[in-house]
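*Asks:* Fold the following and give me the result.
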Amino acid sequence: MTIQTAAKQLTRTTKYKLNNGNWIPAAGFGVYLLEPENCYQLVYEALLQGYRHIDTAMGYGNQKDAARAVADFVQKTDGVSREDIWFTTKISNASQGYDEAKLAVQKIADDVKEYIGYVDLILIHSPLTSKKKRVGTWKALQEYVLDPNNSTLVVHSIGVSNFGEHHIEELLHSDGVTIKPVINQIELHPWLPKLKLREYLTKQNIVIEAYSPLTQGVKLDDPELLALEKKFNVSKIEILAKWAYLQGFVVLLKTANKSRVKQNFEILPPGKESKDALDEGGNLGKIDLDLDLLDALDKLNTGEVFCWNNTDPTENRDEPE
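*Replies:* Below is the predicted model of the structure:
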């Protein structure tokens, strides 16, 4: 059985508390594979519809455009400040290593600092390098968090993406590492629920963030999913998105279709935006799925990976050096 409940208090404004005390919006908008100008338009639309969490990466080639959209939205929207919007980016594999990561943070600053001032979260994009490079990258990122007055870029939180338990343990037990990752962003959906890794992350108080919860569209015509859609009269998009939210993940939904930005966000009930009571029970509202539907989704677990050339990076083991 997956780690789930049939109903959960959750709204469009729900935030989860990270292990460093910061709060991240549960609903995120991802911009993977979006061309720069399209990225700008879709991020602006996402913010207009109510998203307050944008997820980009150096490797996407659009972090500057995402930041520009955030800046323009804040400037044109009464009652919204930069502090209301969470902005995540990632260090690419090619930029891993202590010195390389320093240059990468400078590149991020060059792209986004003039628009948004600081970055809420920087992730190491994947473990597909080496222990030396992963640990070196982490030590470099730590320095920006520990020195908020540094001249390059203010970074509020750091985390990882696509890391397995052994990769995180490697970090936690390396000399000079003093900050624990706040998040592990991994591919998660009913075909790849990753129960063992999730159990470990929960014990470590590392928030789980789900990317590609809609399987990048690969499984949207799956006969079993379509049968569930028909039987329970719930759209396949809503089934997969609600499954992810009910697991307690921070959920990244991505679309290149402007009209679907609104549809995806409105899967969650509206909530009152407030500086107080930001935890998951802080606003009235809930999402739910039929327990029989959840049980059926459990049976879809095949271990299928739809990203990273269909190879799970959390399972990566380095070649001997």
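*Asks:* Any stretches of this structure with poor pLDDT?
*Replies:* 1-4, 272-284, 319-321 (pLDDT under 70).
*Asks:* spatially speaking, which residue is in the middle of it?
*Replies:* residue 209 (4.5 Å; C-alpha atoms, centre = their mean).
*Asks:* State whether it is indeed within a strand.
*Replies:* Yes - under DSSP: H, G, I helix; E, B strand; the rest coil, residue 209 sits within a strand.
*Asks:* partner residues bridging it?
*Replies:* Beta-bridge pairing of residue 209 under DSSP bridges involves residue 185, residue 250.
*Asks:* Could you check how far it is from residue 232?
*Replies:* Distance, residue 209 to residue 232, using C-beta to C-beta, to the nearest Å: 27 Å. Yep, even glycine has a C-beta here, placed from its N, CA and C like the rest.
*Asks:* now the helices for the stretch 101-250 of the chain?
*Replies:* Applying DSSP state H, counting those that start in this stretch to the stretch 101-250 of the chain gives helices spanning 131-146, 165-172, 195-203, 223-232, 236-246.
*Asks:* Tell me which of these is the most buried.
*Replies:* Ranked by mean neighbour count under mean count of other C-beta atoms under 10 Å, these are led by helix 236-246, which reaches a mean of 22.
*Asks:* So which elements touch it?
*Replies:* strand 7-9, helix 223-232, strand 250-253, helix 258-265, strand 286-288, helix 291-298 (3 or more C-beta pairs under 8 Å, 6 or more residues apart in numbering; DSSP states H and E).
*Asks:* change it to 7 Å
*Replies:* helix 223-232, strand 250-253, strand 286-288 (3 or more C-beta pairs under 7 Å, 6 or more residues apart in numbering; DSSP states H and E).
*Asks:* What is the end-to-end distance of stretch 143-156?
*Replies:* Length of stretch 143-156, first residue to last, C-alpha to C-alpha, to the nearest Å: 11 Å.
*Asks:* Need the three-state assignment for the residue lying closest to residue 50 once chain neighbours are set aside.
*Replies:* Spatial nearest neighbour of residue 50, excluding adjacent residues (C-beta to C-beta, 6 or more residues apart in numbering): residue 12 at 5.3 Å. Recorded secondary structure, residue 12: coil (three-state DSSP).
*Asks:* Good, we can wrap up now.
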